[in-house]
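Enquirer: give me a 3D structure for the following:
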Amino acid sequence: MSSSPLLELWEAAAANPYQPTISKNNQFTVGFTLLLLGVILTGLFGLNRSLINLPLLGIPASLAFGAVSSSARQLFILLRCISFGPKAQVDISPLGIRFSVEDSSVMEGHAFLDASLFTTFTYTPPVPSSPSSSPSSDPTPAFQISLPALLETLQIFGITDSRDKWSSRESAYSSITRAGGNPAFDQRVLGTTGLCRLSYDGPGAPFCVRLEEAGVSTTCELSTYEAASGEDIPFDRDALVLKTILRAPWLHDAIAELSSTTPSTLTIHSSPSVPYFALSATGPLGSATVAFSRDTPQLLETFHAPRTARNAYKFALVRAASRAMAVASKVSVRIDRQGVLSLQFMLEVEGGGVSFVDFRFVPFAAGEGEADDSDGGEARLGEAGGGGSEGGGAD
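Expert: Have a look, this model is predicted:
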C-alpha cells in the first residue's frame, strides 16, 4: 500500500528542518536589546546630547540655560568680587553668563563667566517673537536674583576664604608657619572634585543651583525677578585721559593706606609728567597721597595720559571693589573724557585661564568734591626714593 501524500510531505519536511536565524533560546535577549537601544536613541534625540556627555551631564535641551562646572569655588570667588549689592542681574548669551550689580546708578560691577569656565555650557535661544525676525534680534534671557543667597548656596559645602590670593605675596615660609595654607579638608588637598550645575528653564522659572560632592547633593532654587531696564554706565573707550595697567595688589594696598584717614572722596590725578598717576584722599584724620612713578617699570606696566586730568569719586564706592583688588593679578585703570572711571581686573582661574571683573564709577560733578581735596596737612605716603612700598612708588 502506497503512503499518502500527507505522509510523504511530513517525511520530506522532517528531513530538512527549519532553522531560524536567531535561536529560540536567544530570541528574548535580542528583542530586549533592540528595545533598549530604541529607548536610548529616543532619549538622545530628545535631549540633544552626545553619547559622551549624556551619562555625565544629562542637561535637557529644552532649558533656556544649563551649565556644569567642576569647581564651585572659582564661581564663588568671581561673584564675591561684586557682592556690594543685594541683587544681581543675570544676562545669558551663547558666550557665557554675566552677573551685574549696580549702586544708585553711580557704580556698577560686572563679572563675566565665560563659557570656557564650564565643563558644558548649553544655551537655547528664545523663540523668535515673529516668523520674520531672526533669533539674534530677540533679547537674550535676563533676570535678577538675590546675590547673597547665591553666594551662600555656592559655599554650602564649606568653601572658605580666610586667606585671599593676595596673601601669596608673603614668603613660602610664612604660609607654612602661619594659618595661610589650605585647610586640611580642602578639596584641593584631598583630591576630591564636585560638580556645580546651573540651570534656568525660562521666564518666570527659578534659577537652579545643584551641588554634588562625595555622593552628597543639594539643590537650591533661587527666585527670579524682572530684569532692570536701566543701561550700563556709558564709557568712551576711544577718548581716554588715562590708561594704565598695574598689579592689583598694589592698588589694594594704596586704597587700604588711604582709608586710614576715613575719607569721603578719592581724587585721581593723571598727567604726562610728574606725578604721572596719583591717588589722594582727605578725611577728618588728615590727608594722604599715594603716587605711582612711571619711571619705575615694576610699578606701571603701561601708562598713557595725553593731558593732565583730575577727577574725584566717592571713596566708599571705590573701596567696595577691594575684594576684586585682593584676588586679581592685574588691573587696568582707565578714565574717559567725561571722568568715568573703569577698573578692569584680571583674575587667574583654575586650569590656567583668566577671567575679568569690571567696575565703573561716575565722578563727582565739577567742584563737588573740592572741599575734601585741600592740600593743607597732606601726608605723602612712600615718599622715600623711587622704589617705595608695594602700595605705590614715590617720585
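
Enquirer: and for stretch 343-351, what's in contact with it?
Expert: Applying C-beta atoms under 8 Å, 6 or more residues apart in numbering, the contact partners of stretch 343-351 are 71, 73-74, 77-78, 81, 117, 248, 321, 324-325, 327-334, 354-361. C-beta coordinates here come from the backbone N, C-alpha and C atoms, glycine included.

Enquirer: show me what counts as buried in it.
Expert: Residues of stretch 343-351 classed as buried: 343-347, 349 (neighbour count, 16 or more other C-beta atoms under 10 Å).

Enquirer: per-residue pLDDT, residue 297?
Expert: For residue 297, the model assigns a pLDDT of 67.

Enquirer: actually, residue 130.
Expert: Predicted confidence (pLDDT) for residue 130: 58.

Enquirer: swap in residue 39?
Expert: Residue 39 is assigned 82 on the pLDDT scale.

Enquirer: same question for residue 73.
Expert: At residue 73, pLDDT is 89.

Enquirer: can you tell me the SS state at it?
Expert: Judged by DSSP: H, G, I helix; E, B strand; the rest coil, the three-state class of residue 73 is helix.

Enquirer: ranges for the strands of the stretch 151-300 of the chain?
Expert: Here the stretch 151-300 of the chain has its strands, by DSSP state E, counting those that start in this stretch, at 194-200, 207-213, 216-222, 225-226, 240-247, 265-270, 277-283, 286-292, 300-304.

Enquirer: where does the stretch 51-200 of the chain dip in pLDDT?
Expert: Low-confidence segments of the stretch 51-200 of the chain, defined by pLDDT under 70: 51-63, 127-139, 159-193.

Enquirer: kindly recompute the last result at 80.
Expert: Confidence mapping of the stretch 51-200 of the chain against pLDDT under 80 gives the ranges 51-64, 126-140, 157-194.

Enquirer: can you show me the helices along it?
Expert: Using DSSP state H, counting those that start in this stretch, the helices of the stretch 51-200 of the chain run over residues 72-80, 147-154, 172-177, 187-190.

Enquirer: domains in this structure, by residue range?
Expert: Split into domains by automatic domain parsing, the chain comes to 65-126+138-178+185-226, 240-381.

Enquirer: which one of these is the most hemmed in?
Expert: Of all those, domain 240-381 carries the top mean neighbour count, a mean of 18, counting by mean count of other C-beta atoms under 10 Å.

Enquirer: chain center to that domain: distance?
Expert: 23 Å (C-alpha atoms, centre = their mean, to the nearest Å).

Enquirer: what's near enough to touch the closest residue to residue 141 other than its chain neighbours?
Expert: Nearest non-adjacent residue to residue 141, counting by C-beta to C-beta, 6 or more residues apart in numbering: residue 92, 4.6 Å away. Residues in contact with residue 92 (C-beta under 8 Å, 6+ apart) are 64-65, 98, 123, 140-142, 200.

Enquirer: thinking again about what came up before, save the buried residues of stretch 343-351 as CSV, and put in pLDDT, secondary structure and distance to residue 230 too.
Expert: Below are those laid out as CSV (pLDDT from 0 to 100; DSSP: H, G, I helix; E, B strand; the rest coil; distance: C-beta to C-beta, whole Å):
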residue, pLDDT, secondary structure, distance to residue 230
343, 98, strand, 20
344, 98, strand, 21
345, 98, strand, 23
346, 96, strand, 27
347, 95, strand, 26
349, 86, coil, 29
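
Enquirer: which one of those is nearest residue 41?
Expert: In terms of C-beta to C-beta, no member of the buried residues of stretch 343-351 lies closer to residue 41 than residue 349, at 37.2 Å.

Enquirer: list phi and psi for that closest one.
Expert: As for residue 349, its main-chain torsions (degrees, to the nearest 10) stand at phi -110, psi 170.

Enquirer: any chance of the domains of the chain in JSON lines, plus distance to residue 20?
Expert: JSON lines is the format used below for the domains of the chain (distance: least, C-beta to C-beta, whole Å):
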{"stretch": "domain 65-126+138-178+185-226", "distance to residue 20": "45"}
{"stretch": "domain 240-381", "distance to residue 20": "56"}
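
Enquirer: and the contacts of whichever strand or helix holds residue 359?
Expert: Using DSSP states H and E, residue 359 maps to strand 354-361. Applying C-beta under 8 Å, 6+ apart, the contact partners of strand 354-361 are 74, 78, 81-82, 106-114, 117, 232-233, 235, 313-314, 317-318, 321, 324, 328, 340-349.
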